[in-house]
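>>> Here is a sequence together with a model predicted from it:
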Amino acid sequence: MPTISDAITKDHRELEHYYNEVVNNSGNHDHQQRYGNQFTWELARHSVGEELVVYPAFEKHLGAKGKEMAEHDRKEHHQVKELLKVFQGMKSTDEDYVAKLKEIWGPLSKHMKEEEEGDMPALEDKLSSAQGQSESMATAFSYTKAFVPSRSHPSAGEHPPFETVMGLLTAPIDHIADLFRKFPQETISPNPSTK
Ligand SMILES: [Fe+2]
Ligand SMILES: [Fe+2]
């Protein structure tokens, strides 16, 4: 059974893969569009999944320090979501398509590194007191990701329950819109509930 850290790290590596597919395939606009769409889809869901499942766990298990970590991470998410909101509306034939993705990648890669090297080990340390706690959080994280928006909708502070309510409202609209976007495997969207 994967732990919550495993689940987070796996998503981060996938995002890195999608990013590289866009950046390293200049000229192949169809390929770049598919992977750019996949990047948006994964990053939007990953971010809200963390806001709903992981950051509240920092606050619950790590006291004042955890609250600080959660606030810091929510601010960074907000910054990235504002950039993603622009990128998701762009076409791969746009002159600054790759430049915009690189603009996202700067703060995002730093944020993911902090999560992997600082935040998640601190949380795992606390979760280890109860057997299976981290694994059940990983399950909650993957279920949550199936029901959240798949486009960026920056909100005031990225705090639940606002994220939860907005997610319930916007997710179905995003998921229908995905049907008309191209993704790497198919011409229709990957079904979020299968991943
Ligand atoms: Fe994050
Ligand atoms: Fe993350």
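Happy to help now that I have it. Ligands and ions are numbered 1, 2, ... in the order given.

>>> Could you list the low-confidence segments of the chain?
Counting by pLDDT under 70, the ranges of the chain that qualify are 156-157, 186-195.

>>> okay, which residue is most central for it?
For the chain, the residue nearest the mean C-alpha position is His46 (2.4 Å; C-alpha atoms, centre = their mean).

>>> List the residues that contact it.
Taking C-beta atoms under 8 Å, 6 or more residues apart in numbering as the criterion, His46 is in contact with Asp11, Leu15, Lys145. Just so you know, the C-beta spots here come from the backbone N, C-alpha and C atoms, and that holds for glycine as well.

>>> Please identify which helix or strand holds it.
In this structure, His46 is located in helix 29-49 according to DSSP states H and E.

>>> repeat for Ser109
Using DSSP H and E, Ser109 sits within helix 97-114.

>>> Specify the angle between the next helix or strand after that helix and helix 97-114 in degrees.
Beyond helix 97-114 on the C-terminal side, the first helix or strand identified by DSSP H and E is helix 120-127. Angle between the axes of helix 120-127 and helix 97-114 is 40 degrees (criterion: axes from the mean of the first three to the mean of the last three C-alpha atoms, to 10 degrees).

>>> Give me the buried positions along stretch 25-39.
Within stretch 25-39, the residues that qualify as buried are Asn25, His31, Gln32, Gln33, Arg34, Tyr35, Gly36, Asn37, Gln38, Phe39, counting by 16 or more other C-beta atoms under 10 Å.

>>> Report the contact partners of the second one.
In other words, His31. Glu21, Asn25.

>>> separation between it and Lys182?
Note on His31: its distance to Lys182, by C-beta to C-beta, to the nearest Å, is 10 Å.

>>> Repeat that for the first one.
For Asn25, the distance to Lys182 (C-beta to C-beta) stands at 14 Å.

>>> How far does whichever strand or helix holds His12 sit from its chain's centre?
Element membership for His12, per DSSP H and E: helix 4-23. How far helix 4-23 lies from its chain's middle: 9 Å, per C-alpha atoms, centre = their mean, to the nearest Å.

>>> which helices and strands does it pack with?
helix 29-49, helix 97-114, helix 120-127, helix 133-146 (3 or more C-beta pairs under 8 Å, 6 or more residues apart in numbering; DSSP states H and E).

>>> does the residue located most distally from the centre of the chain sit in a helix, a strand or a coil?
Centroid-distance maximum for the chain: Ser129 at 27.6 Å, with C-alpha atoms, centre = their mean. For Ser129, the assignment made with DSSP: H, G, I helix; E, B strand; the rest coil gives coil.
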